[in-house]
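>>> Fold the following, please.
(one chain, ligands or ions: 1)
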Amino acid sequence: MSSPTIEPGLFRDVLGSYPTGVCVITALDDDKQPAGMVVGTFTSVSLDPPLVGFLPDKSSTSWPKIEKAGRFCVNVLGSNQQQACRQIAGKGDKFAGLDLVISDNGLPVMADALASIECTIQSVTEAGDHWFVVGSVLRLETARDDDPMVFHRGRYGGFGEII
Ligand SMILES: Cc1cc2nc3c(=O)[nH]c(=O)nc-3n(C[C@H](O)[C@H](O)[C@H](O)COP(=O)(O)O)c2cc1C
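Here you go, the predicted structure:
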């Protein structure tokens with residue numbers, strides 16, 4: 001059976017109705033400089049064994065550096081980190097003025113993130129115009145239990161009032 005033709009605008013519009021949290025995936029490149037990208041596709045994958053995943057676009061220039069490092073840190077952003085998010089998602093100096101700590105696993109951890117999850121890359125599977133990356137968790141912690149960043153239809157917000 002041939003697959004139906006789905007118009008890209010419709011796909012984006014419908015999938016855009018689904019809100020996400022926002023994370024920064026970090027690693028050190030060959031020159032020991034931080035590399036990183038903002039993702040909304042981060043997800044928990046498995047508890048036993050502990051696995052997480054995310055989907056970098058095949059056009060990402062940051063993903064090849066992270067893949068080469070063989071490991072990555074997931075930094076979960078709080079709702080007050082919009083400026084850092086826009087800077088890292090842009091093409092300029094992604095980490096200028098941001099506080100990074102290099103962990104025992106040799107990974108850059110954002111000091112202001114809500115949580116960090118350090119992983120080794122377990123698998124990278126082709127998924128259309130993206131890669132589906134699965135990471136095996138090495139270390140994880142919650143640094144502060146504050147309002148998470150939420151992304152919906154191009155807008156940033158927080159979880160808001162808890163009811
Ligand atoms: C809220 C938000 C979520 C994003 N989610 C993803 C994602 O899941 N995968 C991806 O490849 N890019 C995602 N992007 C885009 C990248 O962050 C950004 O375009 C990328 O870092 C720039 O490409 P680079 O890797 O060449 O720097 C997202 C951007 C924003 C602002």
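>>> number of nearby residues for the closest residue to His152 other than its chain neighbours?
Using Cβ to Cβ, 6 or more residues apart in numbering and skipping the chain neighbours, the partner closest in space to His152 is Pro19 (4.0 Å). The way it works is simple: take the backbone N, C-alpha and C, and place the C-beta from them, glycine included. By the other Cβ atoms under 10 Å criterion, the neighbourhood of Pro19 contains 13 residues.
>>> Report the contact partners of Pro19.
Val150, Phe151, His152 (Cβ atoms under 8 Å, 6 or more residues apart in numbering).
>>> Let me know how buried Met37 is, in neighbour terms.
Met37 has 22 nearby residues by other Cβ under 10 Å.
>>> Check the secondary structure at it for me.
Recorded secondary structure, Met37: strand (DSSP: H, G, I helix; E, B strand; the rest coil).
>>> What distance do you get for the nearest residue to it once chain neighbours are set aside to Asp13?
Nearest residue to Met37, sequence neighbours excluded (Cβ to Cβ, 6+ apart): Ser62, at 4.1 Å. From Ser62 across to Asp13, the span is 27 Å (Cβ to Cβ, to the nearest Å).
>>> Between these two, tell me which one has more neighbours.
A direct count of neighbours by other Cβ under 10 Å for Ser62 and Asp13 places Ser62 higher, at 20 against 11.
>>> Gln83: how many residues sit nearby?
Neighbour tally, Gln83, other Cβ under 10 Å: 10.
>>> Kindly report the same for Arg153.
Neighbour tally, Arg153, other Cβ under 10 Å: 10.
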